[in-house]
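Asks: A structural model of the following input is requested.
(one chain, ligands or ions: 1)
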Amino acid sequence: MKPNKLIRLLFILLVVVVLTAAPASRSNSERTQSFDKQIDALLAKMTLAEKLGQLQQLDGEGNGNFRPEHVELVRKGLLGSTLNVRGAQRTNQLQRIAVEGSRLKIPLIFGFDVIHGYRTVFPIPLGEAASWDPAGVERAAGIAAAESRAAGVHWTFAPMVDIARDPRWGRIAEGSGEDPYLGSALARARVRGFQGSDYSAPDKVVACAKHWVAYGAAEAGRDYNTTDVSERNLREVYFPPFKAAVDAGVGTFMSAFNNLNGVPASANPFTLTEVLRNEWKFDGFVVSDYTSVQELIKHGLAANGADAAREALNAGVDMEMVSRLYNQHAGELMKGRQLSQQTIDEAVRRILRIKFRLGLFAKPYVDEGLERGAIFNATNVAAARELAARSLVLLKNDNNVLPLNKSIRSIALVGPLADSHKDVLGSWTGDGRPEDAVTLRAGLTSKAPQTKINYAKGCDIDCGKRDAFEEAVSAARVSDVVIIAVGESAEMSGEAASRSSIDLPGLQLELVKAVQAAGKPTVVVLMNGRPLTINWMAENTPALLETWFAGSQAGNAIADVLFGDVNPGGKLPVTFPRAVGQIPIYYNHMNTGRPPDASNKYSSKYLDVPWTPLFPFGYGLSYTKFRIANLQLGAQSIRPDGSLTVNVELENAGSRAGEEVVQLYIRDVAASVTRPVKELKGFQRVTLQPGEKRRVEFKLTPEHLGFYNRRMKFVVEPGEFKVMVGPNSVDVIESSFQVTAP
Ligand code: BGC
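Replies: The predicted model follows:
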């Protein structure tokens, strides 16, 4: 090529690079722009009442409408935000009063719990986590954002990034399970999906990392219960997904309900200010949880409303959800010098900053024509089906009962969840509607129209009686295959839904036993918001498929997997115990001085139940067979600031295309503080054709190898590290390397 031709080509290339890079950098800077000048100008004009108005969030009516009393408050500039008010027309109506009828024309921010979908409902977050597919989860959050913004919602109270090690706690359904690494990857994915690179876009919303913090450590798994968590566990287990959300640019946080080490999370200066603001430099705002400021009185941290407002505001909670103590008491607290003007101004500033970043001053209204096309459209519904199928976990498949052949003549479909529209949506359904949901019965019928479906419910979810068992058993007798859908109702997990037993409710297991006794190949489809104790089925039922609550497209997605159109590749994001008495049981535990040893009574175990889980973290089967072999490390030793590649050979040794989640774990063998027996530090969901082999590579960096030492400093210490790779947290191959002294 001639030199001037080359120069021309390079110039064109440069122009292309600049042009394609420009919008991204512009929008990124929008998200981090501080809008300080505009905010200063507004603050200078605001009365104290107007400032306190910005700190107030009130609840709408259950149906999405605002309350009559909001109108006057908004007109006077005394309300900054609502929750649950939604719908393009209704939000515009109230917004118009704020923007055209109030003195300073400050727009409202409309919040709503868009947890796993707005109208198109995706699997519950625990189910999405089982996909081990951050890209898919990001896409789902993106769709939820587009649907909600079109309906006038600016702000979702998600992602919920609480680590949960106790399946009795119903809110385990709302998070990503027990692991901080997987939880962090999904926190990032959800924040990116909701916010994009610029949440002023008409299809994005600002996200809220909640519940800050350690809410999932509720004692005895009882919701709202007290928590006592060491700083090490906070930093290494409970903080990381929140930090990941901050790094991904999350705009808001929600302070949790729980008491944390004696100082409730909604008034905790260490977590709200020292860590979040000073260490992590978070510049968005913190909203309390629902009346959690007022609840400081019942906690016993505050003697009265004024105390509660002072504690929460001074600790760093900027906006008060539902209770009105800031508004009622800030004036008197300021007079008594218990609260400074600067604290109020800073809280207002943070809230206005997010309103500016959302573009609400420039474009306060939503286009009322958008809602119809953006919500529950065919693309969104197809994405929900795809992610739902990717979130299913095959727990057992003896004798290849699954996948089913489409030419089978008849299926007995049994169980209280086989045809339930409402339950498959799980808890927090946004604006999702049961009538949109595809049940398992409907999914099977459309997948295999030639197959006769003999449906018999057997009993309701609480399953108190055996009256209808016989009908179910008869259906089984006359069918080629039996599918039994059992589990929990949607209300049995989620908020305020803790259970002391995590068995199948009522007589459901008896129903399974009775139907299985008909002797037909039997598949149990589980629907639930938490791990269940399912020992009998794990031992005796030929095939078990965990489907969580899979959302609007549940039935289609489950049918896709049952009939093999989709080869299951989901993995458990949480340990399944054998007995409630083992809880808390999680894979990344510390060792003991006397690790479990079957031949030694004086080792750490139980007399009445094995110490091992029923199904370990990371577990899940496929219709094909994968082999992981030949673990290679890039070096035998590295310096503390060095990094290391790890690679393995993955082979699809079966006869179908399939997906394996290759998981990388490490163990720091001896350190200045004891380390977990295993910690996830990498994963990849890989698709392989039959017979295909591929090397899967990971990189370990100081961020993966470090921990908080005795002085709470993050360090990588010299010594031996084990590296383990496998298809779950138990069946691993291993190698090791050394970190040398610096
Ligand atoms: C829950 C939050 C939720 C809020 C608003 C509270 O009861 O704990 O997760 O975002 O209500 O609905």
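Asks: Now stretch 251-263: buried residues?
Replies: 251-261, 263 (16 or more other Cβ atoms under 10 Å). Quick note: C-beta positions are derived from backbone N, CA and C, even for glycine.
Asks: neighbours around whichever residue of the chain sits closest to the ligand, how many?
Replies: Going by Cβ to the nearest ligand atom, the ligand is nearest to Phe157 of the chain, at 3.5 Å. Number of residues near Phe157 (other Cβ atoms under 10 Å) recorded here: 23.
Asks: Isn't it up against Lys210?
Replies: Yes: Phe157 lies in contact with Lys210 (Cβ atoms under 8 Å); the separation is 6.1 Å.
Asks: Which neighbours do the two have in common?
Replies: Met254 (Cβ atoms under 8 Å, 6 or more residues apart in numbering).
Asks: that older thread, any chance of JSON lines for the buried residues of stretch 251-263, columns secondary structure and distance to Thr575?
Replies: Putting the buried residues of stretch 251-263 into JSON lines (DSSP: H, G, I helix; E, B strand; the rest coil; distance: Cβ to Cβ, whole Å) gives the following:
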{"residue": "Gly251", "secondary structure": "coil", "distance to Thr575": "33"}
{"residue": "Thr252", "secondary structure": "strand", "distance to Thr575": "31"}
{"residue": "Phe253", "secondary structure": "strand", "distance to Thr575": "28"}
{"residue": "Met254", "secondary structure": "strand", "distance to Thr575": "27"}
{"residue": "Ser255", "secondary structure": "strand", "distance to Thr575": "28"}
{"residue": "Ala256", "secondary structure": "coil", "distance to Thr575": "23"}
{"residue": "Phe257", "secondary structure": "coil", "distance to Thr575": "25"}
{"residue": "Asn258", "secondary structure": "coil", "distance to Thr575": "22"}
{"residue": "Asn259", "secondary structure": "coil", "distance to Thr575": "26"}
{"residue": "Leu260", "secondary structure": "strand", "distance to Thr575": "24"}
{"residue": "Asn261", "secondary structure": "coil", "distance to Thr575": "25"}
{"residue": "Val263", "secondary structure": "coil", "distance to Thr575": "30"}
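Asks: Let me see the backbone angles for Gly64.
Replies: Phi and psi for Gly64, reported as degrees, to the nearest 10, are phi 100, psi 0.
Asks: Now do the SS call for the closest residue to it other than its chain neighbours.
Replies: Nearest non-adjacent residue to Gly64, counting by Cβ to Cβ, 6 or more residues apart in numbering: Arg86, 4.6 Å away. Following DSSP: H, G, I helix; E, B strand; the rest coil, we place Arg86 in the coil state.
Asks: For Arg86, give me its contacts.
Replies: In this structure, Arg86 makes contact with 60, 64, 110, 112, 148, 151-153, 431, judged by Cβ under 8 Å, 6+ apart.
Asks: do Thr291 as well
Replies: So Thr291 contacts 321-323 (Cβ under 8 Å, 6+ apart).
Asks: Would you mind giving the secondary structure of it?
Replies: Quick answer, by three-state DSSP: Thr291 is coil.
Asks: quick one: it from Gly305, how far?
Replies: 12 Å (Cβ to Cβ, to the nearest Å).
Asks: Asp560 too?
Replies: Distance from Asp560 to Gly305, by Cβ to Cβ: 54 Å.
Asks: Looking at those two, which is more packed in?
Replies: Asp560 (22 against 18).
Asks: what ranges do the strands span in the stretch 601-742 of the chain?
Replies: 626-633, 637-638, 644-652, 658-668, 679-688, 693-700, 707-708, 714-715, 719-726, 733-739 (DSSP state E, counting those that start in this stretch).
Asks: How about the residues of the stretch 201-350 of the chain by the ligand?
Replies: Counting by Cβ under 6 Å from any ligand atom, the residues of the stretch 201-350 of the chain close to the ligand are 210, 289-290.
Asks: Which of the residues you listed has the largest number of neighbours?
Replies: Within those, neighbour counts (other Cβ under 10 Å) peak at Lys210, which reaches 26 neighbours.
Asks: so which helix or strand takes in it?
Replies: Lys210 belongs to strand 208-212 when assigned by DSSP states H and E.
Asks: So which residues on the stretch 1-150 of the chain come close to the ligand?
Replies: Counting by Cβ under 6 Å from any ligand atom, the stretch 1-150 of the chain sits next to the ligand at 83, 113.
Asks: need the residues of the stretch 451-600 of the chain near the ligand, please.
Replies: Counting by Cβ under 6 Å from any ligand atom, the stretch 451-600 of the chain sits next to the ligand at Glu495.
Asks: Point to the residue nearest the middle of the chain.
Replies: Centroid check for the chain by Cα atoms, centre = their mean gives Gly175 as the closest residue, at 3.6 Å.
Asks: how deep is the residue lying closest to that one once chain neighbours are set aside tucked in, by neighbour count?
Replies: Excluding the flanking residues, the one nearest Gly175 by Cβ to Cβ, 6+ apart is Asp162, at 4.8 Å. By the criterion of other Cβ under 10 Å, Asp162 has 27 neighbours.
Asks: re the thing from before, residues touching the next helix-or-strand element following the strand holding Lys210, excluding its own?
Replies: Downstream of strand 208-212, the next assigned helix or strand under DSSP H and E is helix 231-233. Outside of helix 231-233, the residues within contact range by Cβ under 8 Å, 6+ apart are 217, 673, 708, 712.
Asks: can you do 7 Å?
Replies: For helix 231-233, the external contacting residues (Cβ atoms under 7 Å, 6 or more residues apart in numbering) are 708, 712.
Asks: Over to stretch 99-114?
Replies: With Cβ under 7 Å, 6+ apart, stretch 99-114 has contacts from 42, 45-46, 50, 54, 57, 74-77, 79-86, 91, 94-95, 98, 144, 148, 152-158, 355, 358, 360-361, 364, 428, 430.
Asks: Type out the PyMOL command that picks the buried ones from those.
Replies: To isolate the buried ones among those in PyMOL, judged by 16+ other Cβ under 10 Å, type:
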select buried, resi 42+46+50+54+57+74+77+79+80+81+82+83+84+85+86+91+94+95+98+144+148+152+153+154+155+156+157+158+355+358+360+361+364+428+430
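Asks: Helices - which of the contacts of stretch 99-114 land there?
Replies: Secondary structure defined by DSSP state H assigns 42, 45, 50, 54, 74-75, 91, 94-95, 144, 148, 355 of these to helices.
Asks: Could you verify that Gly569 is part of a helix?
Replies: No: secondary structure assignment (three-state DSSP) places Gly569 in coil, not in a helix.
Asks: Start at 144, not 1
Replies: Fine by me, first position is 144 from now on; the one you just mentioned is Gly712.
Asks: mind checking pLDDT for the residue of the chain closest to the ligand?
Replies: Model confidence at Phe300, given as pLDDT, is 98.
Asks: again with Gly205
Replies: pLDDT, read off for Gly205, is 85.
Asks: what's the answer for Ser168, then?
Replies: If you check Ser168, the pLDDT there is 38.
Asks: what's Gln232 in contact with, if anything?
Replies: Here Gln232 is in contact with Glu511 (Cβ under 7 Å, 6+ apart).
Asks: Swap in 8 Å and give it another go.
Replies: Gln232 touches 295, 511, counting by Cβ under 8 Å, 6+ apart.
Asks: That one belongs to a helix?
Replies: Yes: membership of Gln232 in a helix is supported by three-state DSSP.
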